[in-house]
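Colleague: predicted model and sequence follow; I will ask about them next.
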Amino acid sequence: MYSQAIEDYLEVILGIAQKKGHARTKDISSELGISSPSVTEMLRKLDEKDLVDYKRYGGVTLTTEGEKIAKSVKKRHNTIRKLLRIIQVSDKTAEKDACRIEHELSPETIEQLKRFVDFIDPSKHPKLIEDFRSYCENEAH
């Protein structure tokens, strides 16, 4: 198991690499709101752990293991965010909270949440979701 910081870096690198083919220090710095020197230091550590291929003044790409971890983190994040959106949490809050929660839950819990999110998919149960939305609005009064 890796630290939250490592998982966050790998997830960000995956997202940037999917858009641009590789990530650069300044892209990661901007995305995470961290200074470039701090990013460079972490990239060296990730490179030593064989989670990324890092070339100074070049790009960074994920190794097979780094990509596996990043995709797992992204899956956890997306599952939690979807669940939070289903229960009517705002986009901004759902995104922020998913980032926090994704590192704390066990694989078993994540798998069951994924099953629940797939089961309750709003496109499959629009009436249920609308009824819940209405319940939330009426409960607030």
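Modeller: Thanks, I have the structure now. Residues are numbered from 1 along each chain as shown.
Colleague: so residue 105 makes contact with residue 76?
Modeller: Yes. Shown here, residue 105 and residue 76 form a contact pair, counting by CB atoms under 8 Å, at 7.1 Å. Where you see a C-beta, it was placed from the backbone N, CA and C, and this is true even at glycine.
Colleague: can you pull the buried residues of the helix or strand where residue 73 lies?
Modeller: Applying DSSP states H and E as the criterion places residue 73 in helix 64-86. Going by neighbour count (16 or more other CB atoms under 10 Å), the buried part of helix 64-86 is 66-67, 69-70, 72-74, 76-77, 79-86.
Colleague: packing partners for that helix?
Modeller: The elements that helix 64-86 packs onto, with contact taken as 3 or more CB pairs under 8 Å, 6 or more residues apart in numbering; DSSP states H and E, are helix 4-20, helix 91-101, helix 107-119.
Colleague: buried stuff in the shortest one?
Modeller: Within helix 91-101, the residues that qualify as buried are 94, 98-99, 101, counting by 16+ other CB under 10 Å.
Colleague: now render those as TSV, adding distance to residue 39 and pLDDT.
Modeller: Converted to TSV, the buried residues of helix 91-101 look like this (distance: CB to CB, whole Å; pLDDT from 0 to 100):
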residue	distance to residue 39	pLDDT
94	26	97
98	22	96
99	18	92
101	24	93
